[in-house]
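Novice: Got a predicted model here, sequence first, then my questions.
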Amino acid sequence: MAHGPTDTVTRLLEAAARGDRPALDRLFELVYPELRRLANRVRRGRAGETLSATALAHEAYLKLVGGQPVAWRGRAHFLAVAARAMRQVLVDAARRQLARKRGGGARRDVSLDDGGVPAPMRSDQLVALDEALTRLAETDPRRAAVVEHRFFAGLTAEETAAVLRVSIATVERDWRTARAWLSVELAEGEA
């Protein structure tokens, strides 16, 4: 995927938004490897869940091109929007699974490790994390974005820094602070 603000992906996204089906097909060919890479990172170590990396990449892609038109500003913007799409797909799948299981004795203990790789997580934990992250975004949008990028899209600290246009040290500090805040918030939700 190119890195310039007027790259091929941006032009294809614009054409696809106008209904150009060949542009949409070409766009999928170009962005799919990036989405698969992100989905594989997010899915690593979570094989017991119902949504595969392939399904996550496909669903995220559909959200990226099927919603409101976006004025794409290059690769970093694409990664930021992809992170949000993956979060929505994962949480929607978790909510559907919870709806099928109703009354399963929900626990909220969630582990966000230093590497940003999600630990295996049940549906109720994922929904609780999403709700807490939404509350965090109300008071500290950047820290919420760091968690979204690191946890839901599997971006590295370096990639997250590039997407958010902040230093790696800022991302690492925000990541530590957000994890601590989320830990307290989720523990309070259990009580």
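Specialist: Arrived safely.

Novice: Now do the helices for this structure: every range, in order, please.
Specialist: When assigned using DSSP state H, the helices of the chain occupy the ranges 8-17, 21-43, 53-66, 75-101, 123-139, 141-147, 157-164, 168-190.

Novice: Going by mean pLDDT, which of those helices comes out lowest?
Specialist: For the helices of the chain, the weakest mean pLDDT is recorded on helix 8-17, namely a mean of 76.

Novice: can you give me how far that helix is from the chain middle?
Specialist: With Cα atoms, centre = their mean, to the nearest Å as the basis, helix 8-17 stands 22 Å off its chain's centre.

Novice: got the CA coordinates for it in PDB?
Specialist: Output for helix 8-17, consisting of C-alpha atoms alone and laid out as PDB, is shown next (Å, rounded to 0.1, in the frame of the first residue of the first chain):
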ATOM      1  CA  THR A   8      -3.600   4.800  -5.600                       C
ATOM      2  CA  VAL A   9      -5.600   3.600  -2.600                       C
ATOM      3  CA  THR A  10      -7.100   7.000  -2.100                       C
ATOM      4  CA  ARG A  11      -8.000   7.400  -5.800                       C
ATOM      5  CA  LEU A  12      -9.600   3.900  -5.700                       C
ATOM      6  CA  LEU A  13     -11.500   4.700  -2.600                       C
ATOM      7  CA  GLU A  14     -12.900   7.800  -4.200                       C
ATOM      8  CA  ALA A  15     -13.900   5.900  -7.300                       C
ATOM      9  CA  ALA A  16     -15.500   3.100  -5.300                       C
ATOM     10  CA  ALA A  17     -17.500   5.600  -3.400                       C
END
